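Chemist: Fold the stuff below for me.
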Amino acid sequence: MSKYTYSKSGVDIDKGNKFIENIKKTIKSDKKKSSKSSVIGGFAGLFKLNNIKGNPYLVAATDGVGTKLEIANDSNNHKTIGIDLVAMCVNDIVVTGAKPLFFLDYIATGKLDIKKSTDVIKGILEGCNQAECQLLGGETAEMPGFYSKGKYDIAGFSVGLLDSRQIKKDKIKKNDIIIGIKSSGLHSNGYSLVRKIIKDKNISLKKYFDFDKKKPIGKYLLEPTLIYVNLILELYKKNLIKSCAHITGGGVIENLPRVLDKKFQAQINLDNWELSHLYKWLLSCGIKQIELLKTFNAGYGMALIASKKDIKKIERIIGKHKFTSSILGKIALKKRASDKSLILSGKLNI
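Modeler: Sure thing, here's the model as predicted:
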């Protein structure tokens, strides 16, 4: 048994999935028609504006940054955590094809630290600028006795707009390709497991990884989440992608199947998967391959599904937006309804 797993660090993904299923059942049993129409489990929620011309959809998402906040606190660096907060929300919205319109934040702390909170807000503004959405407002709550000294938590909420004509069913077909857009690092997931490793191995955030003597470990772990909004919107606008998945908690194993019809299967060839030095280091610490792929983005923050004939056009646009990518696999039809929605072959190159 692997020494390091997400569940051993205190985070149970399977329990979280069970909780979502309970939410679905609760909503289904609700007598109110309005809540019965809710679709829970997607990356973002869609609300149809029936009284507006064209019946567009409002698309909403909310999220936080998890225990990456602990790295920010331990490093005394809060300048980029706001970018992470915006990214986690707007990246969930844009996978539907919607353009993020505005963002709101919530900051809770025991005692307000003006410098620290201002740094967080500056990061949020930078994230909104990258996503080309407006910071509409927020809430700051002082809760003495609830948060310990110096601790705080942040949450974000964003709303986007989706043209109803963009919603088309059954666009994905057999032999479509899966393209991974590279991440900047851990983004905002898996930090409880990383922090356990750092604690167990008594690693200082001021030290350096063996593979990079220029950037301290703390700065590596605080690398902000990439915002893919403008790239994804252009690809949707030009009808070059059929769907995409934001690879967050649960990794590609949990997130890619969320955008597939039950008849399809994503087949990922791990021989094509490019691992950064950071993820190779995590594997060297004792994390198993399957755990890495289920806990982290493992190097790819977004997975696109597209027709094979459009690869060159897509790659040119990805390059234009200064991202890099790899072809990770393809879409197949399930032979049986009970077949898994995602199959891994090959092995990560470490």
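Chemist: CA only for contacts and neighbour counts going forward, please
Modeler: OK.
Chemist: Secondary structure element holding the most centrally placed residue in the chain?
Modeler: Against the mean C-alpha coordinate of the chain, by Cα atoms, centre = their mean, the closest residue is Thr248 at 3.2 Å. For Thr248, there is no host helix or strand (DSSP states H and E).
Chemist: just checking, it touches Lys294?
Modeler: No - using Cα atoms under 8 Å, Thr248 is not in contact with Lys294; the gap is 9.4 Å.
Chemist: which ones are touching Thr96?
Modeler: Residues near Thr96 by Cα atoms under 8 Å, 6 or more residues apart in numbering: 44, 162, 243-244.
Chemist: Any chance of JSON lines for the residues you listed, columns neighbour count, secondary structure and distance to Ala298?
Modeler: Below are these laid out as JSON lines (neighbours: other Cα atoms under 10 Å; DSSP: H, G, I helix; E, B strand; the rest coil; distance: Cα to Cα, whole Å):
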{"residue": "Ala44", "neighbour count": "24", "secondary structure": "coil", "distance to Ala298": "22"}
{"residue": "Leu162", "neighbour count": "22", "secondary structure": "strand", "distance to Ala298": "30"}
{"residue": "Ser243", "neighbour count": "20", "secondary structure": "strand", "distance to Ala298": "20"}
{"residue": "Cys244", "neighbour count": "26", "secondary structure": "strand", "distance to Ala298": "17"}
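Chemist: need the contact list for Asn349.
Modeler: If a contact means Cα under 8 Å, 6+ apart, then Asn349 has 270-271, 273-275 as its contacts.
Chemist: how about the contacts of Thr96 in a markdown table, adding distance to Asp212 and pLDDT?
Modeler: What follows is those, written out as a markdown table (distance: Cα to Cα, whole Å; pLDDT from 0 to 100):
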| residue | distance to Asp212 | pLDDT |
| --- | --- | --- |
| Ala44 | 37 | 93 |
| Leu162 | 42 | 96 |
| Ser243 | 36 | 96 |
| Cys244 | 32 | 96 |
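Chemist: Show the residue spans covered by the helices in the stretch 1-150 of the chain.
Modeler: Using DSSP state H, counting those that start in this stretch, the helices assigned to the stretch 1-150 of the chain run over residues 13-29, 33-36, 68-75, 81-94, 114-131.
Chemist: and this protein, what are its domains?
Modeler: Using automatic domain parsing, the domain parsing of the chain gives 42-166, 177-345.
Chemist: nearest to Thr5, of these?
Modeler: Closest approach to Thr5 among the domains of the chain is made by domain 177-345 (6.5 Å; Cα to Cα).
Chemist: what about that closest one, start to end distance?
Modeler: One end of domain 177-345 to the other measures 15 Å (Cα to Cα, to the nearest Å).
Chemist: picking that back up, what about burial for the contacts of Asn349, which qualify?
Modeler: For the contacts of Asn349, a burial check counting by 16 or more other Cα atoms under 10 Å picks out 270, 273-275.
Chemist: looking at the protein, which helix or strand is least sure?
Modeler: Ranked by mean pLDDT, DSSP states H and E, the helix or strand of the chain with the weakest confidence is helix 33-36, at a mean of 52.
Chemist: thinking again about what came up before, which one among the contacts of Asn349 gets closest to Ala72?
Modeler: Distance ranking of the contacts of Asn349 against Ala72, using Cα to Cα, places Leu275 first at 24.5 Å.
Chemist: Report the secondary structure state of that closest one.
Modeler: coil (DSSP: H, G, I helix; E, B strand; the rest coil).
Chemist: how deep is the residue lying closest to it once chain neighbours are set aside tucked in, by neighbour count?
Modeler: Distances taken as Cα to Cα, 6 or more residues apart in numbering place Gly299 nearest to Leu275, at 6.0 Å, with adjacent residues excluded. Gly299 has 25 neighbours, counted by other Cα atoms under 10 Å.
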